[in-house]
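# Need a 3D model of the sequence below.
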Amino acid sequence: MFQGAGMVVLGVSMDDEASHKQFTEKFGLPFQLLADTDGAITKAYDVDGGGYAKRITYIIDSEGKISQVIDKVQTATHAQDILTSMS
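Next comes the predicted model:
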């Protein structure tokens, strides 16, 4: 879905790689999860939810700049919402 639109999707959480592997296999995720075990990414993007990363989407353009922030994520429609906002 996103690859066809020329997008790369990455998920980030403070869980470790082993946890990410299990989660990805359990839910069949089609994207890579990054382990932020030291919280550096979580702090850099100011998404600390008290020991976990808040569910926020950052759309980063081809120049590496944040072009959109979505902090009200509706999991059931989020993927389509992103594609719609990009067209």
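
# buried sites along the least confident helix or strand in the chain by mean pLDDT?
Across the helices and strands of the chain, mean pLDDT, DSSP states H and E gives its lowest value to helix 78-86, namely a mean of 82. By neighbour count with 16 or more other C-beta atoms under 10 Å, helix 78-86 contains the buried residues Ile82. In short, each C-beta sits where N, CA and C put it, glycine included.

# and if you look at stretch 27-44?
Residues of stretch 27-44 classed as buried by neighbour count (16+ other C-beta under 10 Å): Leu33, Ala35, Asp36, Ile41, Thr42.

# For the most centrally placed residue in the chain, grab phi and psi.
With distances taken as C-alpha atoms, centre = their mean, the chain has Gly11 as the residue nearest its mean C-alpha position (3.4 Å). In terms of degrees, to the nearest 10, the main-chain angles of Gly11 are phi -110, psi 150.

# can you pull the contacts of the closest residue to it other than its chain neighbours?
Leaving aside its sequence neighbours, Gly11 sits nearest to Leu33 (C-beta to C-beta, 6 or more residues apart in numbering; 4.4 Å). Residues near Leu33 by C-beta atoms under 8 Å, 6 or more residues apart in numbering: Leu10, Gly11, Val12, Ser13, His20, Phe23, Thr24.

# Looking at those residues, which are in strands?
Assignment to strands by DSSP state E places the following of these there: Leu10, Gly11, Val12, Ser13.
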